[in-house]
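# 3D model of this:
(2 chains)
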2 protein chains.
Amino acid sequence: MSSKITIGLFGFGVVGEGLYNVINESKIQDAQIKTIVVKDKNKSRSIGKDHFSFDPEDILEDESINLVVELINDAAAAYDIVTTALKRKKNVVSANKKLIAEHLDELIALARENDVSFLYEAAVGGAIPVVRNLEEYYNNDLLTSVEGIVNGTTNYILTQLAAGGTYQETLKTAQELGFAEIDPTLDVDGFDAKFKLTLLLKHAFGVSADYRKIQQIGIRNIKAADAAYAKEKGYKIKLLARAERIEDGVLGYVAPHFITNTNLLYNVNDEFNGIVVEGAFADRQLFYGKGAGSYPTASAVLSDISAIKYAYKYEYKKATDNNLKLSGNFLVKVYVGSEFVELINEIPFVRIDEVFQSEGYSYQTGWVDFSELQKFQLNSIPGLSVIFLPEPILHKSKAKGLEVSKKQYQVEF
Amino acid sequence: MSSKITIGLFGFGVVGEGLYNVINESKIQDAQIKTIVVKDKNKSRSIGKDHFSFDPEDILEDESINLVVELINDAAAAYDIVTTALKRKKNVVSANKKLIAEHLDELIALARENDVSFLYEAAVGGAIPVVRNLEEYYNNDLLTSVEGIVNGTTNYILTQLAAGGTYQETLKTAQELGFAEIDPTLDVDGFDAKFKLTLLLKHAFGVSADYRKIQQIGIRNIKAADAAYAKEKGYKIKLLARAERIEDGVLGYVAPHFITNTNLLYNVNDEFNGIVVEGAFADRQLFYGKGAGSYPTASAVLSDISAIKYAYKYEYKKATDNNLKLSGNFLVKVYVGSEFVELINEIPFVRIDEVFQSEGYSYQTGWVDFSELQKFQLNSIPGLSVIFLPEPILHKSKAKGLEVSKKQYQVEF
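You can find the predicted model right below:
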């Protein structure tokens, strides 16, 4: 039933090297790395130069290689490698969430046409087996929502902010610890979480979402005053990727949230990831673990390799069954904070619940139409924090009568 | 690839009825319940009498039924049903941890001989997909330990004890809420957790353990004074089922533990279950959710039904690879408390670390040889609490020099 796997590995960064060690240490039967292709000829690596090739064709043209493991950073180069490998009827395992989020439907189609497996458990939640569980285990349950902390860097920063650090200090420490990139944009502006959300939307609800159209709000603008507000209310601030079944489709976005201790993600701190899956029957379940890092990611890659020995393929059953689409037809309760009241007033509240103004910092809370919020590039408005409050979203069809005079609280300072 | 499933259902208790509703509500394609066999002809049920048969042969002799779902309480009757079904080449899904723990190797062999699937995800952790994940996802990782809160009743009682309740009050409330049976022995004495541990040992480490020989200490004797000790130290008391790779095999037992907030199970409260899987590569992962109840359990049964559509079978790969056995060659650090110092003195401490004596209550902490502890029927010594402390176990091969005079602290009150 199981077949011999001969692996061509692209990339020998932290995850690639981790995988190399993991395969050697775990003495997997019937799987061996034949060729490793890397880009930089001069980089010093933990194993000798004779282990490496520099020409992708050394893998792609090798007919004895039946699995390509793609672990490089460059999404464009990865695209060429993965599409070529699939066309040449090689199975592919990838951890490249950007590549996958950008080209998911195309890659799925290519894998199907060529009757090979294309697996990417490591692309979401590192070692946490969320893709496979959504695909297989919850395939009959009536899933209502999937919500997660899927970016360790921002969770680390937010945890430090809650402990009294400033954003800039904390980011610097994260960079020194290797949790954050030198250019942290992908993490702190929510792109990384959004790529992962795109995969979760597909496996949880069968939604094909263009990630460019998914609203993401990052944590770049969150300030000590916001952390103080959270502390006062007993909240924690967490950057959540959310996918939820709503009346006319599926909600999908990335945004910072104030959460209470009734949320299972409340205790997911530091660089850890956690994903809560809620179903009509299974109720809420939390999957918690290391979302990144050399060995945890390599462990997820390895589980894909192992699945390929049994010709396992994702079936995307829900994509066939459901035909659901993203919907922005709902209202969210948000907290909007800034030093500048003018900035806060830009946000078109449908209803204002609280106003606080002081010379140094002001905020408002209230309900906003999500589709209006989507018109803003909120990461690009420095000094404006937008954080979702714990209240459940309100679908537009049920929001009648919400609009009490929105001007009632507005005061001049 | 998928085949049509015609189900014969044994039992229409909370889980059976849940499954019936879940199958109807989730509109599963290609799976239908054809016959339901129950025992009691006169019991009033939520659906009409014409839905039920009373003769097991109505299912077992029906060649059109290719899956038997066994959800009855009586393990002896379940044994007859399951073995007969397997012999007649019917797939079987069961949630009966007692039956499975008692006859696991025999049932596995029967399923193999007859080339059918025998699945039991619902038997451990209710809706939490731990069996399937251990089987498939961690099959190449070097697992180091699996430790869990797998019995919701005792976790509910322990949570209430921590909040100041007494054992008797709390047990009574649990019974009224339907969390605890009228005869709570299976839960409070750790039998239920031990049945589940037997399955975890098999899927995590390939160990075939005779559950009768696994040491289990329940929570029957835990008193308010023990809960006060926990509170003072910042501990929580949790009944843990533990399986851990040690020098000369695998450790496996069920016992109450004091745990600190660095343990991922610290926040698993009330009737919830949590299982922490630790691997050399994947690091620690927590699976958290509802361990029991009609719909969560039915959801797990349903995922097995769905897997059977694709002829999924557990492979018990680690049982073939590892050939590991249970070992009791280690020392544990324990807390032993009682009103009666004589009872505490029965426990053969290798080293005593703390002694507290007062007229109403006394305790000692220190190291005990686990294989000595195994000689006691600790559930049957009323008034003696034995609770494991958070320190990691110490293998005998590394315990040299631990024996400082064990009498040094002993005083007469």
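# can we go C-alpha only for contacts and neighbour counts from here?
Fine.
# so who does A:Tyr266 touch?
Applying C-alpha atoms under 8 Å, 6 or more residues apart in numbering or on different chains, we find A:Tyr266 in contact with A:236, A:259-260.
# kindly recompute the last result at 10 Å.
A:235-238, A:258-260, A:274 (C-alpha atoms under 10 Å, 6 or more residues apart in numbering or on different chains).
# and which of these is nearest chain B?
Taking C-alpha to the nearest C-alpha as the measure, chain B lies nearest A:Gly274 of the contacts of A:Tyr266, at 9.0 Å.
# near chain B too, which of the contacts of A:Tyr266?
Filtering the contacts of A:Tyr266 for proximity to chain B (criterion: C-alpha under 10 Å from any C-alpha of the partner chain) leaves A:Gly274.
# domain ranges for chain A?
A:5-123, A:330-398 (automatic domain parsing).
# which of the contacts of A:Tyr266 tops the neighbour count?
Neighbour counts for the contacts of A:Tyr266 peak at A:Gly274, which has 30 neighbours (criterion: other C-alpha atoms under 10 Å in any protein chain shown).
# in a strand, it, correct?
Yes: A:Gly274 forms part of a strand when assessed by DSSP: H, G, I helix; E, B strand; the rest coil.
# how close does it sit to B:Asn24?
31 Å (C-alpha to C-alpha, to the nearest Å).
# and if you look at A:Gly16?
46 Å.
# any weak-confidence spans in the stretch 301-413 of chain A?
A:321, A:403-413 (pLDDT under 70).
# that one against chain B: which residues are in contact?
A:302-307.
# 6 Å - rerun?
Proximity of the stretch 301-413 of chain A to chain B, by C-alpha under 6 Å from any C-alpha of the partner chain, involves residues A:Ser303.
# so which residues of the stretch 301-413 of chain A form helices?
A:317-322, A:341-346, A:370-373 (DSSP state H, counting those that start in this stretch).
# likewise for the stretch 51-200 of chain A?
Counting by DSSP H, counting those that start in this stretch, the helices of the stretch 51-200 of chain A are A:57-60, A:75-87, A:97-113, A:130-132, A:152-162, A:167-176, A:185-188, A:191-205.
# out of those helices, deepest packed?
When those are scored by mean count of other C-alpha atoms under 10 Å in any protein chain shown, the highest mean neighbour count falls to helix A:191-205 (a mean of 27).
# for that one, packing partners?
helix A:97-113 (3 or more C-alpha pairs under 6 Å, 6 or more residues apart in numbering or on different chains; DSSP states H and E).
# can you rerun that using 7 Å?
helix A:97-113, strand A:236-246, helix A:317-322 (3 or more C-alpha pairs under 7 Å, 6 or more residues apart in numbering or on different chains; DSSP states H and E).
# the residue of the stretch 301-413 of chain A found nearest chain B and A:Gly274: what is the separation?
Of all residues in the stretch 301-413 of chain A, A:Ser303 sits closest to chain B, at 5.6 Å by C-alpha to the nearest C-alpha. Distance of A:Ser303 to A:Gly274, computed by C-alpha to C-alpha: 19 Å.
# cool, A:Lys90 as well?
Taking C-alpha to C-alpha, one finds A:Lys90 at 32 Å from A:Gly274.
# same check on A:Gly148?
In terms of C-alpha to C-alpha, A:Gly148 sits 6 Å off from A:Gly274.
# could you do A:His203 as well?
In terms of C-alpha to C-alpha, A:His203 sits 17 Å off from A:Gly274.
# please apply the same query to A:Val92.
Taking C-alpha to C-alpha, one finds A:Val92 at 26 Å from A:Gly274.
# quick revisit: in a markdown table, list the helices of the stretch 301-413 of chain A along with mean neighbour count.
Listed next are these as a markdown table, based on neighbours: other C-alpha atoms under 10 Å in any protein chain shown:
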| stretch | mean neighbour count |
| --- | --- |
| helix A:317-322 | 14 |
| helix A:341-346 | 15 |
| helix A:370-373 | 17 |
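# nearest to B:Glu278, out of those helices?
B:Glu278 lies closest to helix A:317-322 among the helices of the stretch 301-413 of chain A, at 30.8 Å (C-alpha to C-alpha).
# keeping just the C-alphas, turn the closest one into PDB.
C-alpha atoms of helix A:317-322 as PDB (Å, rounded to 0.1, in the frame of the first residue of the first chain):
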ATOM      1  CA  LYS A 317     -15.000  18.200  -0.500                       C
ATOM      2  CA  LYS A 318     -16.600  21.400   0.900                       C
ATOM      3  CA  ALA A 319     -15.700  23.400  -2.200                       C
ATOM      4  CA  THR A 320     -17.800  21.000  -4.300                       C
ATOM      5  CA  ASP A 321     -20.700  20.800  -1.800                       C
ATOM      6  CA  ASN A 322     -21.100  24.300  -0.600                       C
END
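# what lies in contact with it?
With contact meaning C-alpha atoms under 7 Å, 6 or more residues apart in numbering or on different chains, helix A:317-322 is reached by A:202, A:205-207.
# so which of those comes closest to chain B?
The closest of these, once distances to chain B are taken by C-alpha to the nearest C-alpha, is A:Phe205, at 14.2 Å.
# ok, now how distant is the nearest residue to the closest one once chain neighbours are set aside from B:Ile28?
Closest residue in space to A:Phe205, ignoring its immediate chain neighbours: A:Lys318 at 5.9 Å, by C-alpha to C-alpha, 6 or more residues apart in numbering or on different chains. The gap separating A:Lys318 from B:Ile28 is 12 Å, by C-alpha to C-alpha.
# now A:Ile305
According to C-alpha to C-alpha, A:Ile305 and B:Ile28 sit 30 Å apart.
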